[in-house]
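**Q** only geometry, no sequence info:
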């Protein structure tokens, strides 16, 4: 998790989707949140993007975080943030940063240049989309890749004035309405320019709701847990893809896939060249998405616990194989089973069935051990 105090960022040897597509002749643009380093060498233009307009880390990493100490004469935005956090029951508001510490001014970038600090976040929902539409229009006569990582609905929620109160479901509902409208504007622009049938659109999230923020963090629905947990509410996310004439409309796929599959899938569709000097865990989903094959993309998928302090430690959290999901604890190269759930019958992970399914536990545990051993062997 790269933040303002980080001195590291995206490794120069990594190959981004933007670099891959740039090499294939695509124009590339990023409009929204980067979160892979804010020093010059880590910024998007040094990693394959022709254009960047946005912020270098989440919109919560600014001076108006509710954990900041209350001070006389403070900025009204900080007071409002703290009042909102108390209202929704944010757990962290009672654990403030050490006095005098907190997040610094948050920059907004145009390319490599900071153009503003602490931008009015209620403008982001419109501006990120405006910049995207201008990029699409400017590059309509050549292949292009637009990456639009919106800051919303990450807290703090700041829906634009046109959407404030529009949903009847408080700020979160208003924010979702604004996101929906923004995606609609992009789709409308593609249709207007006659590019609808030539463009693959992928809409995807990165994690479940931040439950610490109450109603402002979202709701996992029928699943357990949220962001930074190993429950389905934390790691199961929606993904929608649209390409008229290429992907059959209305298709619902329930097999396992992952964000790690996005890059190989885009490479397959665009005929761009994947890096050949490394092993990629993702697979090209396109044959499965189009019905060319019915073989599931993955035999197993793995989720990991984020480790902040020991960058060499491997902490596997869960292994999903078919309908089975095994939670594990990792110590060194050894995994110990914690609980087993059958997600087909128990998607909320309420009933541990490990005691009655020892063969399933043993089989998945072998997968876990092999994966951890592989990662440790590859570390340099």
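**A** In hand now; what should we look at? Since the structure is predicted, the reported quantities are computational estimates derived from the model, not experimental observations. Numbering: from 1, shown residues only.
**Q** now do the helices in the stretch 101-250 of the chain.
**A** All helices of the stretch 101-250 of the chain, identified by DSSP state H, counting those that start in this stretch, fall at 124-138, 170-192, 232-235.
**Q** what residues of the second one count as buried?
**A** Going by neighbour count (16 or more other CB atoms under 10 Å), the buried part of helix 170-192 is 171-179, 181-183, 186, 189-190. For the C-beta atoms, the positions are set from N, CA and C on the backbone; glycine is no exception.
**Q** can you check the first one too?
**A** If you call a residue buried by 16+ other CB under 10 Å, then helix 124-138 has these buried ones: 124, 125, 126, 127, 128, 129, 131, 132, 133, 135, 136.
**Q** isn't residue 325 up against residue 319?
**A** Yes. At 7.3 Å, residue 325 and residue 319 qualify as touching, with contact defined as CB atoms under 8 Å.
**Q** so for residue 331, which of the helices of the stretch 101-250 of the chain sits nearest?
**A** helix 232-235 (21.5 Å; CB to CB).
**Q** re the thing from before, closest to residue 59 out of the buried residues of helix 170-192?
**A** Using CB to CB, the buried residues of helix 170-192 come closest to residue 59 at residue 175, 11.4 Å.
**Q** can you list the low-confidence ranges for the chain?
**A** Applying pLDDT under 70 to the chain flags residues 1-5, 308-312, 380.
**Q** for it, which segments count as strands?
**A** Assigned by DSSP state E, the strands in the chain fall at 27-33, 51-55, 107-110, 113-117, 144-147, 201-204, 239-242, 301-304, 316-321, 324-331, 334-342.
**Q** pull out the buried positions in the longest one.
**A** Applying a neighbour-count criterion of 16+ other CB under 10 Å, one finds 335, 337, 339, 340, 341, 342 buried in strand 334-342.
**Q** next: the fifth one.
**A** Using 16+ other CB under 10 Å as the burial criterion, the residues of strand 144-147 that qualify are 144, 145, 146, 147.
**Q** mind putting those residues in TSV, distance to residue 86 included?
**A** Below are these laid out as TSV (distance: CB to CB, whole Å):
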residue	distance to residue 86
144	45
145	42
146	38
147	36
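**Q** of all the residues you listed, which two lie farthest apart?
**A** 144 and 147 (10.6 Å).
**Q** between those two, which contacts overlap?
**A** Applying CB atoms under 8 Å, 6 or more residues apart in numbering, one finds that residue 144 and residue 147 are jointly contacted by 28, 29.
**Q** measure residue 174 to residue 207 for me?
**A** Distance of residue 174 to residue 207, given as CB to CB, to the nearest Å: 21 Å.
**Q** for residue 346, same thing?
**A** Distance from residue 346 to residue 207, counting by CB to CB: 21 Å.
**Q** what are the buried residues along stretch 77-96?
**A** Applying 16+ other CB under 10 Å to stretch 77-96 flags 77, 78, 81, 82, 84, 85, 88, 90, 93, 96 as buried.
**Q** give the contact list for the second one.
**A** If a contact means CB under 8 Å, 6+ apart, then residue 78 has 63, 64, 66, 68, 70 as its contacts.
**Q** rewinding a little: can you put the helices of the stretch 101-250 of the chain in CSV and add distance to residue 23?
**A** Formatted as CSV, the helices of the stretch 101-250 of the chain follow (distance: least, CB to CB, whole Å):
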stretch, distance to residue 23
helix 124-138, 19
helix 170-192, 24
helix 232-235, 32
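**Q** residue 363: which of the ones you listed is closest?
**A** Across the helices of the stretch 101-250 of the chain, residue 363 has its closest neighbour in helix 232-235 (20.6 Å, CB to CB).
**Q** not counting that closest one itself, show me its contacts.
**A** 207-209, 211, 220-221, 223-229, 303, 318, 325, 343, 347-349.
**Q** at 10 Å what do you get?
**A** Contact partners of helix 232-235, identified using CB atoms under 10 Å, 6 or more residues apart in numbering, comprise 206-211, 218-229, 258, 301, 303-304, 317-318, 320, 325, 341, 343, 346-349.
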